[in-house]
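J.: have a look at this prediction, sequence included:
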Amino acid sequence: QVQLVESGGGLVQAGGSLRLSCAASGRSSFSSYVMAWFRQAAGKEREFLAFIFWSGGGTNYADSVQGRFIISRDNAKNTAYLQMNTLRPEDTAVYYCAAAPGPSNYRTTFGYEYWGQGTQVTVSS
């Protein structure tokens, strides 16, 4: 069973940075997987942010975070990251990582089989 555990959330002032981590376990290799980050603000739907192919490292971003957020992964640690820069109050949300074991619609929640429990990010103005 694949498990995902996010960490790194917290309170930050507008303009600041945070790096979220997503530790994956339950498989000897995630080379066939795609990892993604989503977020969900209070009262809103879960929103796609970025995904990365575990093998090869190809990435894709939502327009709302392109140029500010960077997704990456460390194969040796089975960990995916989301570097978030120039944070804004509207980035306040619970951030989730997700994993897809095979071909899917990677920009939607329906494309992912496994989810972490989420980590809160709060950006103060």
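T.: It's in.

J.: how about the contacts made by residue 89?
T.: Applying Cβ atoms under 8 Å, 6 or more residues apart in numbering, one finds that residue 89 lies in contact with 14, 123, 124, 125. C-beta here means a position set from N, CA and C on the backbone, and glycine is covered the same way.

J.: for residue 71, same thing?
T.: When contacts are counted by Cβ under 8 Å, 6+ apart, residue 71 is found next to 35-37, 49-52, 59, 61, 80-83.

J.: switch to 10 Å and redo it
T.: With Cβ atoms under 10 Å, 6 or more residues apart in numbering as the criterion, the residues that contact residue 71 are 20, 22, 35-37, 49-52, 57, 59-61, 65, 80-83, 97.

J.: for residue 91, what are phi and psi?
T.: With angles defined as degrees, to the nearest 10, residue 91 shows backbone torsions of phi -80, psi 0.

J.: quick check: the residue lying closest to residue 108 once chain neighbours are set aside vs residue 29, distance?
T.: Nearest non-adjacent residue to residue 108, counting by Cβ to Cβ, 6 or more residues apart in numbering: residue 48, 6.7 Å away. As defined by Cβ to Cβ, to the nearest Å, residue 48 lies at a distance of 25 Å from residue 29.

J.: show me which of those two is the more surrounded one.
T.: Each of residue 48 and residue 29 has its neighbours counted (other Cβ atoms under 10 Å); residue 48 has more, 22 against 10.
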